[in-house]
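Visitor: Need the 3D shape of this:
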Amino acid sequence: MTEQSKINKDTAKRASLLERADRVFGLDNLGPAKVPTNLPKPSRPQVKPQPAQAQPAPPAARIPTGMQAPVEVAPQVAPEPEPEPAVSLSGPYQDIERWNLQDAGLIVPENPVTALLEEFRIVKRDIIADARVRRDAKQRRILVCSPHQGEGKTYCAINLAIALAAERDAEVLLVDADVIRPSVAKRLGIEAGRGLMDALANPSLRPEKLAIKTDIEGLFILPAGTTSANDSELLASEHTGEILDRLTRGAPNRYVIFDTPPALAASAAAELAAHVGQTVLVVRADETSRAALEDAQQLLSACPNIKLLLNATHFSPSGRRFGDYGESEE
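Guide: Residues are numbered from 1 along each chain as shown. Got it, this is the predicted structure:
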């Protein structure tokens, strides 16, 4: 047997059933039958819509005999608290002689604008800005102090009070809190009577009834009053906070300025620092040492906002000089 015949014989043996059927019958026309085009369309059963049935309501809760059904009440809205009535300053009236202010080198309200007034306008603007931002009665209580005696704290306190009183609708109460050497009334040329220390020693005294109304619009003076050996203990008492809160209660346009003893000479300034929102620390140019300034700042640290006021300067690096803009040039 040749190789070719062997291959043909093996191939014939391995032919499949479909291959053999194709040789006998032919499978060229084998395929799926065509679907007739005239078949009837299937009919769908008609379903009648059923009427909607009402759902039964949930059973009402049974209320035991003798009990009433709960009644729904609208929520109550708490009314806004009414503003506190202002404490009016209603002490005696006294005039301040303008020549007295002139001789003391202080601001005279009716006089033309001076360099001194312009300088204290800058100081008061900074104080007013802080008071308006924080909107706290404590920020309208300002302590004026210095490390040592003779650095100009009382001079600056009076000028600041006069400058602030010039603001529209503003009230300024200048408190002589230098219980060791009170001098505010003397510098202004008015008679000092009972004041701060009397109100602290006698709870029945109202401090607003001791405030002197002056003829400078918006300016009131509260003298130091009767001093004693226990002034420091009185200032450290809780009654001090009550009195100072009363002086600014209900009066958003009232500023209270305290002229205190030097910080390094007496404890009064440190005691009052906890009751004010701003402190003006007065230092004298070419006299106050850095060590004294740092010690005073530490003693007054109960007040979070301490400002530095440099007094008696004769030199300005920028050459700035207030008060001469309106002068004619020769």
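Visitor: Tell me which residues of the longest helix belonging to the chain come out buried.
Guide: If you go by DSSP state H, the chain has its longest helix at helix 115-134. Buried positions in helix 115-134, judged by neighbour count with 16 or more other C-beta atoms under 10 Å: 116-117, 119-120, 123-124, 127-128, 130-131. Where C-beta positions appear, they are placed from N, C-alpha and C, glycine not excepted.
Visitor: so which of these comes closest to Gly225?
Guide: Proximity of the buried residues of helix 115-134 to Gly225 (C-beta to C-beta) peaks at Ile127, which lies at 25.6 Å.
Visitor: That closest one reaches Ile142, doesn't it?
Guide: Yes. At 6.0 Å, Ile127 and Ile142 qualify as touching, with contact defined as C-beta atoms under 8 Å.
Visitor: got any ranges where the stretch 201-330 of the chain has weak pLDDT?
Guide: When residues are selected by pLDDT under 70, those of the stretch 201-330 of the chain lie in 314-330.
Visitor: Strands of that one, start to end?
Guide: 212-214, 219-222, 254-259, 278-284, 306-311 (DSSP state E, counting those that start in this stretch).
Visitor: in the last one, what's buried?
Guide: Neighbour-count burial for strand 306-311, with 16+ other C-beta under 10 Å as criterion, is recorded at 306-307, 309, 311.
Visitor: Looking at these, spot the one nearest Ala157.
Guide: Closest approach between the buried residues of strand 306-311 and Ala157, by C-beta to C-beta: Leu309, at 10.3 Å.
Visitor: Specify the beta-bridge partners of that closest one.
Guide: Val282 (DSSP bridges).
Visitor: circling back: the strands of the stretch 201-330 of the chain into TSV, with extra columns for distance to Asp176?
Guide: Below are the strands of the stretch 201-330 of the chain laid out as TSV (distance: least, C-beta to C-beta, whole Å):
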stretch	distance to Asp176
strand 212-214	10
strand 219-222	7
strand 254-259	6
strand 278-284	16
strand 306-311	19
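Visitor: For Ala157, grab the count of nearby residues.
Guide: By other C-beta atoms under 10 Å, 28 other residues sit near Ala157.
Visitor: Now do the contacts for it.
Guide: 144, 174, 184, 257-259 (C-beta atoms under 8 Å, 6 or more residues apart in numbering).
Visitor: any idea how far the nearest residue to Arg121 once chain neighbours are set aside lies from Lys124?
Guide: Once flanking residues are discounted, Arg121 sits nearest to Ala163: 6.0 Å by C-beta to C-beta, 6 or more residues apart in numbering. In this view, Ala163 and Lys124 are 5 Å apart by C-beta to C-beta, to the nearest Å.
Visitor: Check Pro92 too.
Guide: According to C-beta to C-beta, Pro92 stands 27 Å off from Lys124.
Visitor: Ok, Leu89 next?
Guide: For Leu89, the distance to Lys124 equals 20 Å [C-beta to C-beta].
Visitor: just the helices in the stretch 151-300 of the chain please.
Guide: For the stretch 151-300 of the chain, helices defined by DSSP state H, counting those that start in this stretch occupy the ranges 153-165, 184-188, 196-201, 231-235, 238-248, 268-273, 290-299.
Visitor: Can you tell me what sits against the fifth one?
Guide: Read it as helix 238-248. The contact list for helix 238-248 (C-beta under 8 Å, 6+ apart) reads 87, 137-138, 140-141, 173, 196, 199-200, 203, 206-208, 234, 254, 256, 271-272, 275.
Visitor: likewise the last one?
Guide: Identification of contacts with helix 290-299 by C-beta under 8 Å, 6+ apart yields 145-148, 262-264, 269-270, 273, 281, 283, 306, 308.
Visitor: rerun at 10 Å
Guide: With contact meaning C-beta atoms under 10 Å, 6 or more residues apart in numbering, helix 290-299 is reached by 145-148, 151, 262-264, 267, 269-270, 273, 279, 281-283, 288-289, 303, 306, 308.
Visitor: now these: which count as buried?
Guide: Neighbour counting by 16+ other C-beta under 10 Å classes 145-148, 151, 262-264, 267, 269-270, 273, 279, 281-283, 288, 303, 306 among the contacts of helix 290-299 as buried.
Visitor: follow-up on the earlier one: in a markdown table, list the helices of the stretch 151-300 of the chain along with distance to Ile212.
Guide: Shown next, in a markdown table, are these (distance: least, C-beta to C-beta, whole Å):
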| stretch | distance to Ile212 |
| --- | --- |
| helix 153-165 | 12 |
| helix 184-188 | 8 |
| helix 196-201 | 12 |
| helix 231-235 | 21 |
| helix 238-248 | 14 |
| helix 268-273 | 20 |
| helix 290-299 | 29 |
